[in-house]
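Engineer: coordinates only, sequence not included:
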């Protein structure tokens, strides 16, 4: 378990370092990417391209392994349906992303900067997540 | 470093993290799922998710230490708009089972049609939202 904890910590650190280097912690730059009718900033495409390329190689390697290096099994999503919750949720997320220029990764990573807007956004995001759990519990 | 090159290099590190968490621990590095899991999961899973999030939060500080400057952050939205956006991002990522990392990086790298549809949807919604903002306040 110690090894898995250390791996998770190290991978989180690499993720946060990558986000910082990529410029994606900057909400104005992210909104610039979404601003296709204005002064479009393509940086996010380079970030996503670099990330997906490396992850693609990693997942190709993972498919050849019987199990992860430090654990008993791969934990992969099994839901393959393209349905209303998926698209509705993605649309709501996209609206919030466009309004703020923030998505969960950069927002959480930026907690260490102590920037006041982050200290408003992240608690609101946690309230949104808790609200989803409440709605889900009510609907059974 | 040119912003595009920094983006590519930073993106490669993000991909390394996503690949590494899968190869080592067998887990998808989806930030919205990991963060929501902190309030739901118990036992070891909660601890490993907490370790990942602690690392994630320390990332910008490590960057500042290595490069001598904190990453640039320019906030455009007012605090009430940020609060509304936070609610939408929190609720939407749970309803849609993922965000830019889980669907955007891991899902696309797994060639998941479900993630591709999610990515196209949140990109379109984000672009329409920014276009509306520009139209309302040019």
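Structural biologist: Nice, I can see it. For clarity, every value in this text was computed on a predicted model and none was experimentally measured.

Engineer: Leaving aside the residues adjacent along the chain, what's closest to residue B:125?
Structural biologist: Among residues not flanking residue B:125 along the chain, residue A:94 sits closest, at 2.6 Å (CB to CB, 6 or more residues apart in numbering or on different chains). From N, CA and C alone the C-beta is placed, and that goes for glycine too.

Engineer: Next, work out how far apart that neighbour and residue A:130 are.
Structural biologist: 21 Å (CB to CB, to the nearest Å).

Engineer: Those two: which has the busier surroundings?
Structural biologist: residue A:94 (30 against 15; other CB atoms under 10 Å in any protein chain shown).

Engineer: Give the full set of residues in contact with the more buried one.
Structural biologist: Each residue near residue A:94 by CB atoms under 8 Å, 6 or more residues apart in numbering or on different chains is listed here: B:92, B:121-126, B:128-129.

Engineer: One more pass at 6 Å, please.
Structural biologist: By CB atoms under 6 Å, 6 or more residues apart in numbering or on different chains, residue A:94 lies in contact with B:122, B:125-126.

Engineer: now that we're looking at residue B:57, how far away is residue B:65 from it?
Structural biologist: 14 Å.

Engineer: And those two? Which one has more around it.
Structural biologist: residue B:57 (18 against 10).

Engineer: Poorly predicted segments of chain A, please.
Structural biologist: Scanning chain A for pLDDT under 70 picks out A:140.

Engineer: Spit out the contact partners of the closest residue to chain B within chain A.
Structural biologist: Closest approach between chain A and chain B, counting by CB to the nearest CB: residue A:16, at 1.5 Å. When contacts are counted by CB under 6 Å, 6+ apart, residue A:16 touches A:109, B:56, B:59-60.

Engineer: redo that, cut-off 8 Å
Structural biologist: A:109, B:55-60, B:62-63.

Engineer: how about the helices in chain B?
Structural biologist: B:3-25, B:31-38, B:44-67, B:79-95, B:108-109, B:113-136 (DSSP state H).

Engineer: ok, now chain A?
Structural biologist: A:2-22, A:27-34, A:43-64, A:84-100, A:104-109, A:116-138.

Engineer: Just name the most buried of those helices.
Structural biologist: When the helices of chain A are scored by mean count of other CB atoms under 10 Å in any protein chain shown, the highest mean neighbour count falls to helix A:104-109 (a mean of 28).

Engineer: Show me what that helix is packed up against.
Structural biologist: Under the contact criterion of 3 or more CB pairs under 8 Å, 6 or more residues apart in numbering or on different chains; DSSP states H and E, helix A:104-109 touches helix A:2-22, helix A:116-138, helix B:31-38, helix B:44-67, helix B:79-95.

Engineer: Find out how far it is from the centre of the chain, if you would.
Structural biologist: 7 Å (CA atoms, centre = their mean, to the nearest Å).

Engineer: which residues sit against it?
Structural biologist: A:15-16, A:19-20, A:24-25, A:27, A:30, A:118, A:121-122, A:125, B:31-32, B:35, B:53, B:56-57, B:59-60, B:86, B:89, B:93, B:99-101.

Engineer: 7 Å instead, please
Structural biologist: A:16, A:19, A:24-25, A:118, A:121-122, A:125, B:31-32, B:35, B:53, B:56-57, B:59-60, B:89, B:93, B:99-101 (CB atoms under 7 Å, 6 or more residues apart in numbering or on different chains).

Engineer: Also stretch B:116-133?
Structural biologist: With CB under 7 Å, 6+ apart, stretch B:116-133 has contacts from A:31, A:34-37, A:82, A:86-87, A:90-91, A:93-95, A:97-99, B:96, B:98, B:103-104, B:107-108.
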